[in-house]
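**Student:** for reference, the sequence and a predicted model appear below.
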Amino acid sequence: MKKKSIIRYILVFVLIVTALPIQTVYCAPSADTQSVNPTASTVYVNSTARAFEAYNIEGYNYFKLRDLALVLSGTQKQFAVGYNEETRAITITIGNPYTVIGGEMAQGDGKPKDAIPTPSTIYLNGAVLDLVVYNIGGNNFFKLRDLMEAIDVYVGYDFATNAVSLDTSRGYVAEESNNPLPVDWKQIYANKVIELINNLPDFNQPNQPWEEKPGDFVQNISKIVLVDINSDVIPELVVYGDVSDS
């Protein structure tokens, strides 16, 4: 079989197979502590870029409640945050201005963290709100879409730029899919391809691109996948250099 065809068939198979695990990660959060990674998305609030400490948990972005309250303060969707030490209850009051307590918008160190489900009861304007909340580093992190739905703020996502946008002039719109791809799905696919390339069999042919410049070869394939995976069809692999058929 031709060497070029072998590589193409292997990578197309991997892209098909690796789509399946991505679709199965959306499940009820475990009661156990889990390690979570920082979110890589750029976040815009009313068209202004803001830097948050945020984490991706089971394919969704989680943000600090007080950070979101701070950036939305002064808008038509502002809300106040309270905490009852005795009952460990968190209160959210829509329409009230947020009171700064210090430490808001502090940046993380970019490293994975342990996330523990928060046992606190959440109240929205006096009514119990059923939300999934995690404690990460002593702060409560809320799933962005759940919280924005509760206070009626539009959430958008641009796959091409990996950007999340919040728009307080618009109401919340439900996701088009009940099983969305995680925000870092492009990188997941690229990592799978890189893993495969790193374990390609030896074709016993000297002076091939993967032997001469393995780093460039892998990097180029990663970029191609990241670009071409935007289409509705599985991308055809274009390898680094000139791989002639045998």
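**Tutor:** Structure's in. What do you need? Numbering: from 1, shown residues only.

**Student:** report the contact partners of the closest residue to residue 162 other than its chain neighbours.
**Tutor:** Leaving aside its sequence neighbours, residue 162 sits nearest to residue 41 (C-beta to C-beta, 6 or more residues apart in numbering; 5.2 Å). Heads up, the C-betas are built off the backbone N, CA and C, glycines and all. By C-beta atoms under 8 Å, 6 or more residues apart in numbering, residue 41 lies in contact with 54, 61, 157, 162-164, 183.

**Student:** so the closest residue to residue 128 other than its chain neighbours versus residue 98, what's the distance?
**Tutor:** Excluding its sequence neighbours, the residue lying closest to residue 128 (C-beta to C-beta, 6+ apart) is residue 121, at 6.2 Å. For residue 121, the distance to residue 98 (C-beta to C-beta, to the nearest Å) stands at 20 Å.

**Student:** which parts of the chain are strands?
**Tutor:** 34-38, 42-45, 48-50, 54-57, 60-64, 79-84, 89-94, 113-117, 122-124, 127-128, 133-136, 139-143, 154-158, 163-167 (DSSP state E).

**Student:** where does the chain have low pLDDT?
**Tutor:** 1-31, 176-246 (pLDDT under 70).

**Student:** now do the domain split for it, please.
**Tutor:** As assigned by automatic domain parsing, the chain contains the domains 3-21+184-228, 34-167.

**Student:** you'd agree residue 157 is up against residue 173?
**Tutor:** No - contact criterion C-beta atoms under 8 Å: residue 157 and residue 173 do not qualify, at 11.2 Å.

**Student:** looking at the two, which one has more neighbours?
**Tutor:** residue 157 (17 against 12; other C-beta atoms under 10 Å).

**Student:** residues in contact with the residue nearest to residue 128?
**Tutor:** 87-90, 128.

**Student:** hmm, try it at 10 Å
**Tutor:** Contacts of residue 121 were listed using C-beta atoms under 10 Å, 6 or more residues apart in numbering, and they are 84, 87-91, 128-130.

**Student:** could you do residue 66 as well?
**Tutor:** Contacts of residue 66 by C-beta under 10 Å, 6+ apart are 81, 83, 98-106, 139-140.

**Student:** which members of those residues are classed as buried?
**Tutor:** Buried members of these, scored by 16 or more other C-beta atoms under 10 Å, are 81, 98, 139-140.

**Student:** how close does residue 139 get to residue 66?
**Tutor:** Counting by C-beta to C-beta - residue 139 and residue 66 are separated by 8 Å.

**Student:** re earlier: closest to residue 153 out of the contacts of residue 66?
**Tutor:** Taking C-beta to C-beta as the measure, residue 153 sits nearest to residue 98 out of the contacts of residue 66, at 14.1 Å.

**Student:** isn't that closest one right up against residue 71?
**Tutor:** Yes - with contact defined as C-beta atoms under 10 Å, residue 98 reaches residue 71; the gap is 9.2 Å.
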